[in-house]
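**Q** fold the stuff below for me.
(2 chains)
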Amino acid sequence: MENTVAMHADLEPFAGLAAAGLDRADLLRVLRELPFGVAVVDRERRTLFLNAVLERLTGFTSAEVAGVPCRHVLRGSFCLHHCPRLDGSKAGACAEASCAAESREGTLINRHRRKVPVRLTSVPVLDQGGALLCTLDVIEDLSALKELEGRLTRTAGPGAIVGRCSAMEHLLRILPAVAQSDATVLLTGESGTGKDLLAEALHRASPRARESFVRVNATPMPEALLDVELFGQASAGEGGQSRPGKFQLAQNGTLYLSEIADMPLAQQGRLLRLLDEKAVVPAGGERPMRLNVRVVAATGRDPEALVAAGLLRQDLFHRLNAVRLHLPPMRERGEDVQFLLTHFLGIYATKFRKQVLGFSEEALSLLSGYDYPGNVRELRNMVEYAVMVCAGELVLPEHLPPQVRFPRVPEATGSPAMKPAAARKQPARKKA
Amino acid sequence: MSKKILVTLYRNEVAPRFDLASEVLLVTVDAEGRETKRQELVLAHSSADDLCDLILDREVSVVITGGMEEEHYHYLRWKRLVVLDSVAGLAEDALARYLAGRLESGDILFSLHKSVAVPVADGAVDTEGGGHA
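**A** Residues are numbered from 1 along each chain as shown, chains lettered A, B, ... in the order given. Below is the predicted model:
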């Protein structure tokens, strides 16, 4: 069997492929040599073929499992309760919703009694009439990746979300569960609190992690252009070119709307319909295009106030607000300031190859007393600057940016909440 | 002397995975291998550890299941149970085959289809292979 590809003798699905102009032997030869596991599975979820990588991964040969239900071959954690194809395959013809390629992460237990972390991407193969012929189940061994992920999370980089205050701890605790769900998420928090990072973290921790993460900034532009930018353009007659919108580019992945209130109300209405119907009609088109996109939206303002001001549609707000994650501003993360200072100091000292070990007491006092109106982004940039200009082992006050060393005293009418703490503590200095 | 046989279930099949089984079939047979008692138990949740506890609590002698992790396999073997894992097929077929003394770990009991060999190298020809049920 060494130079052959064994497969199920009932070749009806492959006869369909031949009718579609594909040569069975060539196709299987290609599948056999692919560097990731591939199983060909018929409409009843019986195994037709395993390629070489999957034979090694599962411990079964293609010949000995020909015709066996794939759940007994792959033995994946997704096989019994979350099989992406079970319902559609029973119907024979492929319902549109069940015919998109789908990814699942989980584990399989192979013949050698080893549990292996894997990702399954199930790709339906349809005939010209749209009926399901068979499914290609692509299995990737994630063992190496999971090990690497474990190591990386222990050494978080500047783009990681970290925090020890109770609000951040709560957020980080629920983050994996929110990421694994497919719910629409609304992120709130002032500028610089890390909404973009959180959106990316949600995507990376979700089953859609291998698919696209598309960020949309609905900056003011003519509505027609924005419509094309978001929802794509259908080809205009023969020879006309169609153009995918951001939603099409995010197919199977995550679309992140960085400031939802910047989106005109008309587009908000279209977005709402898209979330409800999971389909969109591109500009100039007639046929709806089915989309499988998770939407994460964010706003730096109070969403209820935006609704009251008529800048955000109430029905869209309720739809987006399925899960709401709020990132607290830096001034409410008291105990996090020193932790973040040390965290970023370590990162930038390594990055700039400097022997900076910490902050002097005076520098720490100034940094701890500052209010960080620019939130974590401002704190991070300050540490980056300080490490860059520091020539010794300790960051001294003179290494800090001027706004920390010489804080401006706010106007008497200024909001007390926004008043820099350092300024409050050292009024005499400014007066002098 | 009677003995208890436990088969992990997924619908009417042997559960493909021990750790994900949410139902089990517990059959007691007498010294002649005649069935004297039969119970189907629905588990509160799927867990290999809890299932091992249940197996020991119920004084099961033989476990018939699908894919199983090495640590659970060796644990039950260490407890002197007969463990027939990696069995793929209908639960009743597996049980009957065990009682007939013909079930082994790794058995595939589904009726297999003939398989053919597709050449991957120039000059190789299609050959028939087969399953082993």
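**Q** contacts only, for the residue lying closest to A:Glu398 once chain neighbours are set aside.
**A** Nearest non-adjacent residue to A:Glu398, counting by C-beta to C-beta, 6 or more residues apart in numbering or on different chains: A:Arg405, 7.6 Å away. In this view, the C-beta of every residue, glycine as well, is placed from N, C-alpha and C. Applying C-beta atoms under 8 Å, 6 or more residues apart in numbering or on different chains to A:Arg405 gives the contacts A:366, A:397-398.
**Q** tell me the buried residues in stretch B:1-9?
**A** For stretch B:1-9, the neighbour count (16 or more other C-beta atoms under 10 Å in any protein chain shown) marks B:4-9 as buried.
**Q** chain center to it, what's the gap?
**A** Centre-to-centre, stretch B:1-9 and its host chain are 11 Å apart (C-alpha atoms, centre = their mean, to the nearest Å).
**Q** how is chain A divided into domains?
**A** Following automatic domain parsing, one gets these domains for chain A: A:12-145, A:157-326, A:330-431.
**Q** point out the most buried one among those domains.
**A** domain A:12-145 (a mean of 19; mean count of other C-beta atoms under 10 Å in any protein chain shown).
**Q** returning to that earlier point: in strands only, show me the buried residues of stretch B:1-9.
**A** Counting by DSSP state E, the part of those found in strands is B:4-9.
**Q** got JSON lines for those, with distance to A:Val307 and pLDDT too?
**A** JSON lines is the format used below for these (distance: C-beta to C-beta, whole Å; pLDDT from 0 to 100):
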{"residue": "B:Lys4", "distance to A:Val307": "63", "pLDDT": "96"}
{"residue": "B:Ile5", "distance to A:Val307": "63", "pLDDT": "97"}
{"residue": "B:Leu6", "distance to A:Val307": "58", "pLDDT": "97"}
{"residue": "B:Val7", "distance to A:Val307": "57", "pLDDT": "97"}
{"residue": "B:Thr8", "distance to A:Val307": "52", "pLDDT": "97"}
{"residue": "B:Leu9", "distance to A:Val307": "51", "pLDDT": "96"}
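**Q** would you mind measuring from the closest residue to A:Val281 other than its chain neighbours to chain B?
**A** Nearest residue to A:Val281, sequence neighbours excluded (C-beta to C-beta, 6+ apart): A:Pro288, at 5.0 Å. Distance, A:Pro288 to chain B, by C-beta to the nearest C-beta, to the nearest Å: 37 Å.
**Q** what sits against A:Pro288?
**A** A:277, A:279-281.
**Q** tell me which stretches of the stretch 301-432 of chain A form strands.
**A** A:323-326, A:358-359, A:394-395 (DSSP state E, counting those that start in this stretch).
**Q** in its sheet, what does the second one sit against?
**A** This points to strand A:358-359. If you go by DSSP bridges, strand A:358-359 pairs up with strand A:394-395 (parallel).
**Q** returning to what we had before: which one of the contacts of A:Arg405 is nearest chain B?
**A** Closest approach to chain B among these (C-beta to the nearest C-beta): A:Leu366, at 53.7 Å.
**Q** right, and the closest one touches A:Val404 too?
**A** Yes: counting by C-beta atoms under 8 Å, A:Val404 is a contact partner of A:Leu366 at 5.2 Å.
**Q** ok, back up a step: can you list the contacts of A:Arg405 in a markdown table and add pLDDT?
**A** Shown next, in a markdown table, are these (pLDDT from 0 to 100):
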| residue | pLDDT |
| --- | --- |
| A:Leu366 | 91 |
| A:Pro397 | 92 |
| A:Glu398 | 92 |
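**Q** could you list the low-pLDDT ranges of chain B?
**A** For chain B, residues meeting the criterion pLDDT under 70 lie at B:112-133.
**Q** for chain B, what spans make up the helices?
**A** Assignment of helices within chain B using DSSP state H yields the ranges B:48-57, B:70-78, B:91-99.
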